[in-house]
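Colleague: Have a look at this prediction, sequence included:
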Amino acid sequence: MKSVNDFLMPLGIYISVPFCRSKCTYCNFASGVFSAAQMGSYVDRLSADMKAVRAFAAEQGAEIPEPVDTIYLGGGTPSLLPAEELKRLLFNLRQEFKVLPKVEITVECAPGTITDAIIQTLTTRGVNRVSLGVQSFVDKEAASVARLHTREITLKDIERLRKAGISNINVDLIAGLPHQTRESWEYSVDQAIASGVPHVSVYMLEVDEDSRLGRELLAGGVKYHAHDVPDGDLTAEFYETACRKLDAAGIRQYEISNFAREGFESRHNAKYWTRQPYLGFGVDAHSMLPASEKLRGGGIDCVRLATTDAYDGFLAAPELAASPVATDQALEESFFLGLRLNRGVSLQQFEESFGTRVSAYSPIIAELVSDGLLVRDSDNLQLTPRGRLLSNEVFEKFILTQEPEQPAVPE
Ligand code: SF4
């Protein structure tokens, strides 16, 4: 078994910024439209939490490794923060944590919200990666889910970021938006490729049933274009088309939803899939920290910290909630998070970390291999292309002790 020191690898920090210009019709995340003063209070609370987290983690028997080698501001729309608040947030973070010079700092931005002052803040505060919530390069599709930007604005923002020195840019696309057709989807993927960005994320539309679009899908209606949402088979076809086109353009798939030119894979998100330690701050943020030697002796692998998922509750709530993760649960997570990566997981490494517990999965692995959902090459296990499409069904098989608990992966 590993000791806690084996897990003291660099730390990732995630900061949730739950502010949006308008509410996307498919989303029910605890985000909303807030005033600059409220954003200031929010940054105050984040800064106070950063100061308090070490003492709280120690009380819960969790270790906080340092230094920090990745920082990710997600949301929501962090680029909606007033530039002064964004500056203050990044400054306070560096005051509280030892940040490596080669840190990857990503900020999620919505096209059309990136003012010159924001660009200046990004470049002067060490931000070297921007993730753009584009979703579609077809204006009618973006507008149908209440995104406020156009293709032209997106392409201009990419150009402005590049001119300012930030060329490590991700474009998010969603397959399955209302009005999307084979032709329009191919157009969006082609535009993402032509824009020259080195990273593209492709998500299949997941409609929260408590969102406006979700309620319309269940109850019927025309206001949110629910009747124009492509069916599941067509959406899956869109996803496969994107995999093919991006690969042909040299933007290789490295995770179920993520594609990058070589060397541009997201270092921060890799921490979630490989269960490296991370600290999350803000509304609905999660942390995963190694357990102390004492807890590990009692069969605990790591400790999760979580905050409330409501803005008001977050400002009012006195502290984080902690939950220990037993070693058996940690092994399950290692399977279903690691299998998200195209490179798959190494059974030998799992045995080094988790010992004989790994053998309990042999019948499940054999069944999934025989069903064509996993491929096994010696001790390496990977999803097949069909397995990637049916990944939730595959991951459920690895849950022997608990309901799956996915970490807070940015939008
Ligand atoms: S999808 Fe993202 S940008 Fe849209 S409302 Fe939800 S959190 Fe805001």
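Modeller: Nice, thanks for sending it over.

Colleague: Close to the ligand: what parts of the chain are there?
Modeller: Within the chain, the positions adjacent to the ligand are Cys20, Lys23, Cys24, Cys27, Phe29, Ser31, Gly75, Gly76, Thr77, Gly133, Glu411 by Cβ under 6 Å from any ligand atom. Every C-beta, even on glycine, is put in place using the N, C-alpha and C of the backbone.

Colleague: Beyond the helix ranked longest in the chain, next helix or strand please.
Modeller: Looking across the chain with DSSP state H, the single longest helix is helix 36-59. Next helix or strand after helix 36-59 toward the C-terminus (DSSP states H and E): strand 68-75.

Colleague: can you pull the buried residues of the longest helix of the chain?
Modeller: Applying a neighbour-count criterion of 16 or more other Cβ atoms under 10 Å, one finds Met39, Tyr42, Val43, Arg45, Leu46, Ser47, Asp49, Met50, Val53, Ala57 buried in helix 36-59.

Colleague: Restricted to buried residues, select the residues of the chain next to the ligand in PyMOL.
Modeller: Per 16+ other Cβ under 10 Å, the buried members of the residues of the chain next to the ligand correspond to this PyMOL selection:
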select buried, resi 20+23+24+27+29+31+75+76+77+133+411
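
Colleague: how close does Asp190 get to the ligand?
Modeller: Distance of Asp190 to the ligand, computed by Cβ to the nearest ligand atom, to the nearest Å: 24 Å.

Colleague: helix, strand or coil for that residue?
Modeller: Counting by DSSP: H, G, I helix; E, B strand; the rest coil, the backbone at Asp190 sits in helix.

Colleague: number of nearby residues for it?
Modeller: 13 (other Cβ atoms under 10 Å).

Colleague: just checking, it touches Ala248?
Modeller: No: applying Cβ atoms under 8 Å, one finds Asp190 not in contact with Ala248, separated by 10.9 Å.

Colleague: hmm, back to that, against which helices or strands is the longest helix of the chain packed?
Modeller: The contact analysis (3 or more Cβ pairs under 8 Å, 6 or more residues apart in numbering; DSSP states H and E) places helix 36-59 against helix 83-96, strand 278-281, strand 300-306, helix 311-316.

Colleague: got the angle for it vs helix 83-96?
Modeller: For helix 36-59 against helix 83-96, the angle by axes from the mean of the first three to the mean of the last three Cα atoms, to 10 degrees is 10 degrees.

Colleague: what does helix 36-59 rub up against?
Modeller: The contact list for helix 36-59, computed with Cβ atoms under 8 Å, 6 or more residues apart in numbering, reads 15, 17-19, 34, 63-64, 80-82, 85, 88-89, 92-93, 96-97, 279, 281-282, 287, 289, 303, 305, 311, 314-315, 319-320, 322.

Colleague: In stretch 64-78, which of the residues would be classed as buried?
Modeller: Burial within stretch 64-78, assessed by neighbour count using 16+ other Cβ under 10 Å, is assigned to 64-65, 68-78.

Colleague: would you list those in JSON lines and tack on pLDDT and distance to Thr124?
Modeller: As requested, the buried residues of stretch 64-78 are exported to JSON lines (pLDDT from 0 to 100; distance: Cβ to Cβ, whole Å):
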{"residue": "Ile64", "pLDDT": "95", "distance to Thr124": "27"}
{"residue": "Pro65", "pLDDT": "95", "distance to Thr124": "28"}
{"residue": "Val68", "pLDDT": "98", "distance to Thr124": "19"}
{"residue": "Asp69", "pLDDT": "98", "distance to Thr124": "20"}
{"residue": "Thr70", "pLDDT": "98", "distance to Thr124": "19"}
{"residue": "Ile71", "pLDDT": "98", "distance to Thr124": "15"}
{"residue": "Tyr72", "pLDDT": "98", "distance to Thr124": "19"}
{"residue": "Leu73", "pLDDT": "98", "distance to Thr124": "15"}
{"residue": "Gly74", "pLDDT": "96", "distance to Thr124": "21"}
{"residue": "Gly75", "pLDDT": "87", "distance to Thr124": "21"}
{"residue": "Gly76", "pLDDT": "90", "distance to Thr124": "22"}
{"residue": "Thr77", "pLDDT": "94", "distance to Thr124": "20"}
{"residue": "Pro78", "pLDDT": "97", "distance to Thr124": "16"}
